[in-house]
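Novice: Build me a model from this:
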Amino acid sequence: MSLSETNKGYVPRISQLDSIILNEEAYSLLKSQLLAAVKYVGQSSLTRFEPEIDAGLRYILLKCTIQKARSSIGQQLLQIKYDDLVSNKRLRNYVLLLVLGRWLKQRAGNVATVVFRNENAGLFTSQCINVFEILYMVSQLLNLLVFLKEGIYPSVFERMLRLKPVSSNIRNIRKLSYVYFTRELLWHGFAELLSFVLPLINVQYFHSIVRRLLPSAVDNDYAEEQEVSFHQHTTCVVCNCPPTLPHNYGCQHLACYYCIHSSYALDPTYSCPLCGHTIESKVQIIPVYTVKG
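Specialist: Numbering: from 1, shown residues only. You can find the predicted model right below:
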């Protein structure tokens, strides 16, 4: 950023884009407060005339900010305003374009149907509005590319009317630190790496290795002599939930069909997490049949 740009009230691109988002948030807050005020009265009339209410609220909000203060709510929060060389007429036309553009998008078809008393006319008008909307979106995309290069006129209407934004406080221009953004990108990349790598790690294998290294307080010979018991409090040794299709594998403990077969498939030397009994062969894994009383 050169000194000449600073003296002229240079506005960073990110501040101009943020001001547009803040404007929409301010309007959403105003509309939500209106809906909360009339929620006990009934919102049927508001739903019926929602396009007109939206247009009225936007006009009041933009007239009290852009047309009178030469800056919107978002621009005021970020210390931005339109250049003093911009005439009040251009600001008024800008407000009308923002308000009427949205209203025509929602009501053009209905208005054409009422005026011409023909549903085909309303349908044709709606199709024309859709075509204009597509053209507007394409022009908005092209304008965004130009804006990223030049740094002025973030919207098509502002470029059409030459509404140049400048800083309202030259001595306090918004400065951005990219340290936070770099940190966020680093952590997001690290989280994506973990989400990709963790499913590929055989956690059960490392768990069994650690369990073998730790001393066991259970006598394996005694554990194998116990009978298999299955009751309402029995849980799977792997997932610690009531076993689904319970299976036994040589000791007195039970496991779900999927839990024990997947654990043995991942680690052929898999042993019981509770008593340490080692499964020597897949043949040892047998279903446990229960009889309901």
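Novice: how far does stretch 81-96 sit from the chain's center?
Specialist: In terms of C-alpha atoms, centre = their mean, to the nearest Å, the gap separating the centre of stretch 81-96 from the centre of its chain is 35 Å.
Novice: ugh, wrong one, stretch 232-244
Specialist: 37 Å.
Novice: mean confidence score for it?
Specialist: For stretch 232-244, the mean per-residue pLDDT is 83.
Novice: Over to stretch 165-181?
Specialist: 70.
Novice: Which of the helices or strands spans residue 100?
Specialist: helix 88-116 (DSSP states H and E).
Novice: name the helices or strands packed onto the next helix or strand after that helix?
Specialist: Helices and strands here follow DSSP H and E; after helix 88-116, the next one along the chain is helix 119-150. Secondary-structure packing of helix 119-150 (3 or more C-beta pairs under 8 Å, 6 or more residues apart in numbering; DSSP states H and E): helix 13-37, helix 88-116, helix 156-161. Placement of C-beta: from N, CA and C, glycine included.
Novice: of all the ones you listed, which gets the most neighbours per residue?
Specialist: helix 156-161 (a mean of 18; mean count of other C-beta atoms under 10 Å).
Novice: Mind listing the strands the helix or strand following it pairs with, and their directions?
Specialist: As assigned by DSSP H and E, the chain's next helix or strand after helix 156-161 is strand 165-167. Applying DSSP bridges to the sheet, strand 165-167 is found paired with strand 80-82 (antiparallel).
Novice: which residues are in contact with the partner strand?
Specialist: Contacts to strand 80-82, defined as C-beta atoms under 8 Å, 6 or more residues apart in numbering, come from residues 11, 15-16, 19, 66, 69-71, 75, 91, 163-168.
Novice: what's the angle between the helix holding residue 100 and helix 119-150?
Specialist: 160 degrees (axes from the mean of the first three to the mean of the last three C-alpha atoms, to 10 degrees).
Novice: any idea how far helix 88-116 is from the chain center?
Specialist: 31 Å.
Novice: Which strands or helices does it pack on?
Specialist: If you count contacts as 3+ C-beta pairs under 8 Å, 6+ apart, helix 88-116 packs onto helix 50-62, helix 119-150, helix 156-161.
Novice: Dump those to JSON lines, plus mean pLDDT and distance to residue 109.
Specialist: Formatted as JSON lines, the helices and strands packed on helix 88-116 follow (pLDDT from 0 to 100; distance: least, C-beta to C-beta, whole Å):
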{"stretch": "helix 50-62", "mean pLDDT": "88", "distance to residue 109": "11"}
{"stretch": "helix 119-150", "mean pLDDT": "89", "distance to residue 109": "4"}
{"stretch": "helix 156-161", "mean pLDDT": "92", "distance to residue 109": "23"}
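Novice: which residues of the stretch 151-293 of the chain fall in helices?
Specialist: Assigned by DSSP state H, counting those that start in this stretch, the stretch 151-293 of the chain shows helices spanning 156-161, 179-197, 203-213, 220-225, 257-266.
Novice: Nearest to residue 232 among these would be which one?
Specialist: helix 257-266 (18.9 Å; C-beta to C-beta).
Novice: Please work out the average pLDDT along the closest one.
Specialist: Mean per-residue pLDDT for helix 257-266: 83.
Novice: got the CA positions of that helix in PDB?
Specialist: C-alpha atoms of helix 257-266 as PDB (Å, rounded to 0.1, in the frame of the first residue of the first chain):
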ATOM      1  CA  TYR A 257     -19.800 -61.500  16.500                       C
ATOM      2  CA  TYR A 258     -18.400 -58.500  14.700                       C
ATOM      3  CA  CYS A 259     -16.100 -57.500  17.600                       C
ATOM      4  CA  ILE A 260     -14.400 -60.800  18.100                       C
ATOM      5  CA  HIS A 261     -14.100 -61.700  14.400                       C
ATOM      6  CA  SER A 262     -12.800 -58.300  13.400                       C
ATOM      7  CA  SER A 263     -10.300 -58.200  16.300                       C
ATOM      8  CA  TYR A 264      -9.000 -61.700  15.400                       C
ATOM      9  CA  ALA A 265      -8.800 -60.800  11.700                       C
ATOM     10  CA  LEU A 266      -6.700 -57.700  12.500                       C
END
